[in-house]
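J.: sequence unknown, structure follows:
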């Protein structure tokens, strides 16, 4: 009797594991499927409004306006005048809210292509997915993320407000004007870019500005880490306002004389609590 019971349990466990494996493998393939693919011919979208549940979002310049979605959530795409709206939410057919499949490392993805890289207004909310901007110009906008990273490349952004709870910021080969970037837990890296009248704040992460434009105007603060800035070319018309708290303010760029070069059209204003601030 005992032997038969053990045999029954073993058979049950075996069938359960096999069924679970089949479901996991099927679920993995669902993430790779192109679920939505639409192109808009001869349509100029001046505004973009995106609400993403957990997909990685990429907005890029291309020949035609279009939206692609890979994943198993529900996505609604519609136009209101010259605004393209994209809404993603968890599918009712999926009982779990996050990916619990150990065999599935795929990410759901939303890809937006715009023929006109100039956007009047860009509004993005992203719950748990990275946001990538490539070759995009926006006159104004807002990006809010719960938990993920922001990557900006070859773009020009004006009057942008960015806020993130957990996740870093990476900006490269771009121009950022009159914008604010704030994150609670995450590092901020800006490389080979021009910053004018912009603010970068991280509660618990460093600020690292490398290969910067000769005329950079930026404010920044970090409560628990360092701030570093180095120039690609010799700085021009810049005033330094460094407040390192109990740390040290290091000006290693010899173009500066008593914290200044030329006139004061551009201001570098940095704050830390305990860590150093370095200018090279």
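T.: Arrived safely, thanks for sending. As the structure is a prediction and not an experimental result, all values here were calculated from the model.

J.: Next up, the contacts around the closest residue to residue 243 other than its chain neighbours.
T.: For residue 243, the nearest residue in space outside its immediate sequence neighbours is residue 271; the separation is 4.6 Å by CB to CB, 6 or more residues apart in numbering. Bear in mind the C-beta positions are built from the backbone N, C-alpha and C, glycine included. Taking CB atoms under 8 Å, 6 or more residues apart in numbering, we find residue 271 in contact with 220, 221, 222, 243, 244, 245.

J.: so residue 139 touches residue 156, yeah?
T.: No. Under the contact definition of CB atoms under 8 Å, residue 139 does not touch residue 156, with a separation of 9.5 Å.

J.: For the closest residue to residue 192 other than its chain neighbours, what are phi and psi?
T.: In this structure, residue 192 finds its nearest non-sequential neighbour in residue 211, 4.3 Å apart by CB to CB, 6+ apart. As for residue 211, its main-chain torsions (degrees, to the nearest 10) stand at phi 50, psi 50.

J.: Need the three-state assignment for residue 246.
T.: coil (DSSP: H, G, I helix; E, B strand; the rest coil).

J.: Any idea how many residues pack against it?
T.: For residue 246, the neighbour count with other CB atoms under 10 Å is 8.

J.: Equivalent analysis for residue 76, please.
T.: Residues within reach of residue 76, counting by other CB under 10 Å, total 11.

J.: So in terms of bridging, what pairs with it?
T.: With DSSP bridges applied, the residues forming beta bridges to residue 76 are residue 87.

J.: you'd agree it is up against residue 86?
T.: Yes. Residue 76 sits in contact with residue 86 when judged by CB under 8 Å, with a separation of 7.5 Å.

J.: are any of the contacts of residue 271 buried, and which?
T.: With burial judged by 16 or more other CB atoms under 10 Å, the buried subset of these is 220, 221, 222, 244.

J.: Can you give me the distance of residue 51 to residue 148?
T.: As for residue 51, its distance to residue 148 is 14 Å (criterion: CB to CB, to the nearest Å).

J.: more crowded one of those two?
T.: Neighbours were counted for residue 51 and for residue 148 using other CB under 10 Å; residue 148 has more, 21 against 15.

J.: surely the more buried one meets residue 130?
T.: Yes. Under the contact definition of CB under 8 Å, residue 148 touches residue 130, with a separation of 4.8 Å.

J.: and for the two, which residues touch both?
T.: Each of residue 167 lies in contact with both residue 148 and residue 130 under the rule CB under 8 Å, 6+ apart.

J.: rewinding a little: tell me how many other residues surround the residue nearest to residue 192.
T.: Burial of residue 211 is recorded as 14 neighbouring residues (other CB under 10 Å).

J.: you'd agree it is up against residue 228?
T.: No. Between residue 211 and residue 228 there is no contact under CB under 8 Å: 11.8 Å.

J.: Having no further points to raise, I will conclude here.
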